[in-house]
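Chemist: no sequence on this one, just coordinates:
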């Protein structure tokens, strides 16, 4: 549109231009909004709807009210009740065993790298590298390392004079295996978040602590940890949520076993909803809603903590 | 003080070196296994350096008909590339509107969208599959490309960056009668390259490594993505570990190359995502 033209037919063009100006922002946001509504907003409500029905994805849905929720939450006669709570237990065990290590190990690695020793760039790249791999790649590597008969780990354990350990077939070893492969795979992200946090702590705080005669351990507790409060809260919440979402490690490494020992919630949801001849979409949806609400609560706690800080 | 610095460097180096062993040895062992003939892979005592060095496993993995690894590579690459391209385009358009254009309800809409980041993805698994199967997208590339485009994290990342770009250039262009689209395409996008690269890397790697969703929506061997294919291969090759490890290494090569070129951006991106909360 050229300028002289605008001047000549001021009233008409102005309204047209106004209209156009109002439309422009919506043209910019509409492509994303289209996908957002169809593939994110709508499914969230659709999932709630499905959870009140009996459905196998193909035939018609039957409304069953709270039946699906009853079967997993309070109907103790239902077999799904036992399975659901066994899966809940498995998930909780994994969260409790994995989260502390997933915070402490990368924290210490970050502290080490932050001291800028020889080769610190190499170390950072090395510890981050496995995070780039798909979970399947990582699990395959560890299945081979932990193989009961031919694995490298049991080879050295035998060399030390101990019996073979059934890493992938017996409790409690299965838990150690799942936690170890998860640590190996995922500490990179937390390490980098801690490194970024450490970079924010001003040097003069350490100088002041040294002048006050604080030794290294006192510096850690009085300067480093308080300085890392923000990243620590963020990492703790994100790691907890990620651990609640575990699925592929037990599916591929232990097949949920021995028995149902390591059949975590998402693995059970997957089995109920997507495997076998008669998938129970309604039940799987109800379980997803229950798990989803738990995760939502954790997110809300995070949101509270984060906004409080600011 | 200098002495203390030196000693803390030394302690750090020793600690990191010990930890590094736990990260390096598995990788070396995988590499070593993949270069051995199958019969030597499980022979005792173990050998770190293969007695017979062979690339047979790699050849076997790439040539077998029942495990079309190259096809899986292509599927993963094709799907992740298109997905990432569309994500960058749509998210940057949206972020531009939220950062630079004025319209009624803008901020309410923006923060409303951001709040949906709290919805756990697992809640959408069953309904999304129901939706995909009702529109006939099961076992179709579309199911791997489009559903993820509804996510809002990229908009947040780019909007933050766009807000920081100075207004002067844009003002000058507007004086010359440039349209919002021209400003977006010719001024904002070129200046936002670092943020776009970060988003592209995360989107690509996320899609490339995704497991559960492609496992559910693909049903035939020729439509699998690489992670899902590898998982199936585990069953197929049973205990042929030398071949499995060769496949593992093949699957890791693209991301390793990507990492070597883009490490800086990845590190920066993670640090940024930590600030988002």
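Modeler: Nice, I can see it. Please read all numbers here as calculations on a predicted model, not as lab measurements.

Chemist: do stretch B:46-59 and chain A meet at all?
Modeler: Yes - shown here: stretch B:46-59 in contact with chain A (C-beta under 8 Å from any C-beta of the partner chain) through residue B:46. To be clear about C-beta, it is placed using only N, CA and C from the backbone, and glycine gets the same treatment.

Chemist: May I see the buried residues of that stretch?
Modeler: By neighbour count on 16 or more other C-beta atoms under 10 Å in any protein chain shown, the buried set for stretch B:46-59 is B:46, B:50, B:57-58.

Chemist: Save the residues you listed as TSV, and put in secondary structure too.
Modeler: Output for those, formatted as TSV (DSSP: H, G, I helix; E, B strand; the rest coil):
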residue	secondary structure
B:46	coil
B:50	coil
B:57	helix
B:58	helix
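
Chemist: which one of these is nearest residue B:233?
Modeler: Among these, residue B:57 lies closest to residue B:233 (C-beta to C-beta), at 12.3 Å.

Chemist: Now do the contacts for that closest one.
Modeler: The contact partners of residue B:57, by C-beta atoms under 8 Å, 6 or more residues apart in numbering or on different chains, come to B:34-36, B:38, B:242-243, B:245-246.

Chemist: most residues in a single helix of chain A, which one?
Modeler: Scanning chain A for the longest helix, with DSSP state H as the assignment, gives helix A:79-114.

Chemist: could you point out which element follows that one?
Modeler: Moving toward the C-terminus from helix A:79-114, the next helix or strand (DSSP states H and E) is helix A:120-128.

Chemist: Now tell me what touches that following helix from outside.
Modeler: A:106, A:109, A:112-113, A:117, A:187-189, A:191-192, A:195, B:16, B:19-20, B:23-24, B:259, B:263, B:266-267.

Chemist: pLDDT of it, averaged?
Modeler: Summarised as a single mean, pLDDT over helix A:120-128 is 92.

Chemist: What residues of that helix count as buried?
Modeler: A:120, A:123-124, A:126-128.

Chemist: Distance-wise, check the nearest residue to residue B:232 once chain neighbours are set aside relative to residue A:294.
Modeler: Nearest residue to residue B:232, sequence neighbours excluded (C-beta to C-beta, 6 or more residues apart in numbering or on different chains): residue B:224, at 6.7 Å. According to C-beta to C-beta, to the nearest Å, residue B:224 and residue A:294 sit 32 Å apart.

Chemist: Looking at the two, which has the bigger crowd around it?
Modeler: residue B:224 (25 against 15; other C-beta atoms under 10 Å in any protein chain shown).

Chemist: so the more buried one touches residue B:211, yeah?
Modeler: No - if you go by C-beta atoms under 8 Å, residue B:224 and residue B:211 don't touch, sitting 11.0 Å apart.

Chemist: So what's the residue count around the nearest residue to residue B:173 once chain neighbours are set aside?
Modeler: Spatial nearest neighbour of residue B:173, chain neighbours left out: residue B:183 (5.5 Å); criterion: C-beta to C-beta, 6+ apart. Residue B:183 has 19 neighbours, counted by other C-beta under 10 Å.

Chemist: Hmm, residue B:183 is touching residue B:174, no?
Modeler: Yes - assessed by C-beta under 8 Å, residue B:183 is found in contact with residue B:174 at 7.0 Å.

Chemist: among the contacts of residue B:57, which are in reach of chain A?
Modeler: residue B:245.

Chemist: which of the contacts of residue B:57 count as buried?
Modeler: B:34-36, B:38, B:242-243, B:245-246.

Chemist: At the geometric centre of chain B, which residue sits there?
Modeler: residue B:205 (0.8 Å; C-alpha atoms, centre = their mean).

Chemist: how about that residue, what does it touch?
Modeler: Counting by C-beta under 8 Å, 6+ apart, residue B:205 touches A:132, B:255, B:258.

Chemist: and which of those is nearest residue B:120?
Modeler: residue A:132 (24.0 Å).

Chemist: nearest residue to the closest one other than its sequence neighbours?
Modeler: Nearest to residue A:132 is residue B:255, by C-beta to C-beta, 6+ apart, at 4.3 Å.

Chemist: Tell me what angle the host helix or strand of the one you found forms with helix A:120-128.
Modeler: Residue B:255 is part of helix B:241-275 when elements are defined by DSSP H and E. Counting by axes from the mean of the first three to the mean of the last three C-alpha atoms, to 10 degrees, helix B:241-275 lies at 110 degrees to helix A:120-128.

Chemist: State the mean pLDDT of helix B:241-275.
Modeler: 82.

Chemist: before we move on, what about stretch B:63-73?
Modeler: Per-residue pLDDT over stretch B:63-73 has a mean of 87.

Chemist: Can you give the contact residues for it?
Modeler: B:61-62, B:221-222, B:224-226, B:228-230, B:232-233, B:236-237, B:247, B:250, B:254.

Chemist: Among those residues, filter down to the buried ones and hand me the ChimeraX syntax, if you would.
Modeler: The following ChimeraX line selects those of the contacts of stretch B:63-73 that are buried, judged by 16+ other C-beta under 10 Å:
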select /B:61,221,224,225,226,228,229,230,232,233,237,247,250,254
